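> This is the structure alone, sequence omitted:
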């Protein structure tokens with residue numbers, strides 16, 4: 001409940017923000033609330049449901065997560081198109097109130113009354129600094145330089161003081177050192193019987209350890225393409241936010257469809273096999289999109305591949321969560337849920353950074369496309385730089401320039417080439433996730449109808 005309250009308040013702050021600093025700060029607070037919600041919801045499912053009902057619950061949870069990832073842009077696009085962007089955040093307030101009422105009325109309390117009280121301050125600080133540093137480095141490396149500075153880093157009026165060493169290298173290195181320190185500190189504290197934020201002994205559970213590895217790897221490519229497709233459609237096809245969101249509904253439909261099939265299939269095939277089927281379907285959908293995306297693509301041309309992609313997400317998300325938590329003691333469900341959620345979020349953040357970098361690199365082909373159409377090399381390079389710097393959003397403005405039709409045609413063709421490269425990279429990451437899943441025991445997390453007894457961590 002605390003997470004929902006924080007998220008709702010932060011959403012209101014974002015909508016009412018008067019400048020970039022206020023909006024960014026409120027978005028960070030939103031992240032804090034979301035970080036409370038997802039692990040808690042999984043922990044409750046793991047503690048409340050047993051047997052076949054647990055498989056069904058995880059399937060519904062996974063289908064909802066996958067479907068909402070696609071449905072969100074539709075609602076946000078509609079509000080942005082017909083109201084203002086503020087309503088894309090204010091809508092969270094009434095939804096949050098409904099959720100709170102529902103939780104109070106129907107969700108039982110699952111806290112362990114005999115659990116030790118305490119807070120791991122050192123672990124919290126180290127894991128926050130470590131993950132923030134690594135993610136910052138991956139996202140901003142292209143902009144500010146991996147080792148040597150290529151742009152000036154500023155926070156307000158303060159500039160990065162080192163001329164020969166990039167802020168990305170320093171922050172990334174500090175993040176890595178913080179994570180190393182985290183493992184050392186947490187191991188010592190656990191051995192001494194103290195409260196820890198990350199119990200490394202959980203990783204001795206094969207399904208938990210390897211399952212988190214799968215979650216991290218597959219998240220690198222799972223949703224990265226959803227970041228690039230809207231940019232492509234709006235820049236080259238002239239779609240607005242609502243039209244783009246409607247196209248992505250096919251993914252939501254596939255995810256919801258798969259969520260209804262996931263639990264019965266898991267009973268027959270085993271959750272790991274359904275998980276692997278889901279990742280293969282994701283890869284097929286992503287590679288299919290890579291083949292068909294072009295400057296003439298329509299929503300109908302994308303829909304079948306998005307539906308297959310969504311089915312894969314619906315199968316994989318729920319089953320992977322169930323596999324990761326299957327042998328975790330109920331008393332450790334909260335911590336284990338937080339770890340798997342963090343694995344996904346870190347993978348998604350790094351994956352988005354990699355996809356973004358791939359897109360920028362691919363947009364370098366814009367210059368080639370323009371020169372092939374007779375545009376002078378210097379002008380072609382200037383336009384290519386503008387297109388890459390705006391992630392393609394400068395393309396519509398080319399129509400107002402002399403010879404605008406040719407410029408738009410060449411730039412759009414270059415973007416189509418870049419989005420194809422993005423699809424291949426995203427698909428390869430999902431396939432790597434599938435390969436990683438082969439380390440999971442074939443019959444892991446087979447949930448029988450008579451009940452489920454979690455194994456004890458050593």
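Yes, it's here. On a predicted model such as this, the values are computed, not experimentally measured, just so you know. Residues are numbered from 1 along each chain as shown.

> Which segments of this protein make up each domain?
Listed by automatic domain parsing, the domain ranges of the chain are 1-48+89-113, 67-85+205-458, 119-194.

> tell me how far stretch 399-413 is from the chain's mean position?
Computed by Cα atoms, centre = their mean, to the nearest Å, the chain-centroid distance of stretch 399-413 equals 34 Å.

> Go through that stretch and flag the buried ones.
Residues of stretch 399-413 classed as buried: 407, 408, 409, 410, 411, 412, 413 (neighbour count, 16 or more other Cβ atoms under 10 Å). Quick note: C-beta positions are derived from backbone N, CA and C, even for glycine.

> which residues sit in contact with residue 46?
Applying Cβ atoms under 8 Å, 6 or more residues apart in numbering, one finds that residue 46 lies in contact with 54, 325, 328, 330, 333, 336, 337.

> Can you give me the distance of residue 327 to residue 214?
Per Cβ to Cβ, to the nearest Å, residue 327 is found 15 Å from residue 214.

> Which stretches in the stretch 151-300 of the chain count as helices?
167-191, 206-222, 224-236, 241-247, 249-269, 271-292, 299-325 (DSSP state H, counting those that start in this stretch).

> Just the buried ones from the contacts of residue 46?
Buried among the contacts of residue 46 (16+ other Cβ under 10 Å): 54, 325, 328, 330, 333, 336, 337.

> Closest to residue 144 out of those?
Residue 144 lies nearest to residue 337 out of the buried ones among the contacts of residue 46, by Cβ to Cβ, at 34.2 Å.

> Which one's more surrounded, residue 327 and residue 214?
A direct count of neighbours by other Cβ atoms under 10 Å for residue 327 and residue 214 places residue 214 higher, at 30 against 21.

> just checking, the more buried one touches residue 433?
Yes: with contacts defined as Cβ atoms under 8 Å, residue 214 counts as touching residue 433 at a distance of 5.5 Å.

> re earlier: what's the closest of the buried ones among the contacts of residue 46 to residue 373?
The shortest approach to residue 373 among those belongs to residue 337, at 53.3 Å (Cβ to Cβ).

> now that closest one: how far from residue 108?
Distance check for residue 337 against residue 108: by Cβ to Cβ, it reads 17 Å.

> which is the next helix or strand following the helix or strand bottoming out on mean pLDDT in the chain?
Every helix and strand of the chain was ranked by mean pLDDT, DSSP states H and E. The lowest is helix 51-82, at a mean of 72. Note on helix 51-82: by DSSP states H and E, the next helix or strand toward the C-terminus is helix 87-90.

> packing partners for that next one?
Contacts of helix 87-90 with other secondary structure elements, assessed using 3 or more Cβ pairs under 8 Å, 6 or more residues apart in numbering; DSSP states H and E, are made with helix 2-16, helix 51-82.

> Out of those helices, which is the most enclosed?
Mean neighbour count (mean count of other Cβ atoms under 10 Å) peaks for helix 51-82 among the helices and strands packed on helix 87-90, with a mean of 20.

> which regions of the stretch 351-458 of the chain lie under the pLDDT threshold?
Within the stretch 351-458 of the chain, the stretches falling below the threshold (pLDDT under 70) are 443-458.

> Just give me how far the longest helix along the chain sits from the chain centre.
The longest helix of the chain (DSSP state H) is helix 404-437. Counting by Cα atoms, centre = their mean, helix 404-437 is centred 18 Å from the centre of its parent chain.

> Quick check: buried residues in that helix?
Of the residues in helix 404-437, those buried (16+ other Cβ under 10 Å) are 407-427, 429-434, 436-437.

> And for stretch 231-249?
Those buried within stretch 231-249 under the rule 16+ other Cβ under 10 Å are 231-237, 239, 241-245, 247-249.

> Equivalent analysis for stretch 181-198, please.
Of all the residues in stretch 181-198, those buried under the rule 16+ other Cβ under 10 Å are 181, 182, 185, 186, 189, 196, 197, 198.

> Packing partners of the longest helix of the chain?
Counting contacts by 3+ Cβ pairs under 8 Å, 6+ apart, the secondary-structure elements packed against helix 404-437 are helix 206-222, helix 224-236, helix 271-292, helix 333-362, helix 365-372, helix 377-389.

> give me that answer again for 10 Å
For helix 404-437, the packing partners by 3 or more Cβ pairs under 10 Å, 6 or more residues apart in numbering; DSSP states H and E come out as helix 206-222, helix 224-236, helix 271-292, helix 299-325, helix 333-362, helix 365-372, helix 377-389.

> between it and helix 206-222, what angle do the directions make?
Angular relation of helix 404-437 and helix 206-222 on a 0 to 180 degree scale: 170 degrees, by axes from the mean of the first three to the mean of the last three Cα atoms, to 10 degrees.

> Can you read off the pLDDT for residue 316?
Each residue has a pLDDT score; the one for residue 316 is 85.
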